[in-house]
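J.: Turn this into a model:
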Amino acid sequence: MHTKAWPWIVRTLLWATALGITWYFISLTYGRLLGSFVHRSLPSDIFLLLESQVFYIGVGHPSTFDGPLLEIMAHNFGFGLVVIGAVVLGTQWRSWKLRVVALAAGWILLFLTHAAVLVWATKAYISDLESDSESVTALLYVYGIHLAVIVIPLLMAVIWLLLSSQRRPRHSRYMSRRHRRARTVRSV
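T.: Below you'll find the model as predicted:
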C-alpha cells in the first residue's frame, strides 16, 4: 500500500496557517479565560495579571507590589493548540465527527495543562520567595514548562497519527479489477 504524504503535508500546513492566524486574534481572550480559571485556585494574597500577552504573578496587590514578578509569556500556549488542531484537522482518513471530538478533547486537555503550568508557576514562585536558596520547585518549573507547552502537544499529535494509521482497508479497495479477475479460475 503506497500513500503519498504531500497532500497531507499541504493540508496540515494550511490548517496550521489558518489556526495560527486565528490564534493571533483570540489569544487575548484565551489568556483571560485561562487566567480567570486559574485565579480561583490561587491563594488570596497572590495576584495573576495578564498584560500585553504576559502573565505576571506576584504577592499582594499589583498596584502596591514592590518585589520581583514572575513573567510567563502567554503566546507560548498557542503552539500546542495550533499543532494539535493542524494535525487533527489535516488528517483526511477519519470522519469529521471523530476529528471534532478529538480536537475538542485535545484542546480541553491542553487548557487544563496550561492551567496546571500557571498553578505550578505560582507554587514555584511562592517557594522561591520563602527560601533564600534555589528551590527544587522553581528548578522543576523551569525544566517542566517546556514539557508542558511543547512536548505534550507534540506527543499528542504523534499519538493521533499513530492511531489514524491503524485503519483497515476494505476487502477490494486496493485491488484493481484486472487483479481480481486474474485470481478467478475459468474453466473451458
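
J.: Just to be sure, Ile72 is in a strand?
T.: Yes. Ile72: assigned to a strand according to DSSP: H, G, I helix; E, B strand; the rest coil.

J.: Look up the closest residue to it, ignoring the ones flanking it.
T.: Using Cβ to Cβ, 6 or more residues apart in numbering and skipping the chain neighbours, the partner closest in space to Ile72 is Phe55 (4.3 Å). In this view, the C-beta of every residue, glycine as well, is placed from N, C-alpha and C.

J.: And the host helix or strand of the one you found, what's buried?
T.: Applying DSSP states H and E as the criterion places Phe55 in strand 54-59. Across strand 54-59, burial judged by 16 or more other Cβ atoms under 10 Å covers Phe55, Tyr56, Ile57, Gly58, Val59.

J.: What is the nearest of these to Ser164?
T.: Nearest to Ser164 out of the buried residues of strand 54-59 is Phe55 (Cβ to Cβ; 34.3 Å).

J.: What's opposite that closest one in the beta bridge?
T.: Bridge pairing for Phe55 (DSSP bridges) gives the partners Leu50, Ile72.

J.: got the contact list for the residue nearest to Ile72?
T.: When contacts are counted by Cβ atoms under 8 Å, 6 or more residues apart in numbering, Phe55 touches Gly31, Gly35, Leu48, Leu49, Glu71, Ile72, Met73, Ala74, Leu118, Ala121.
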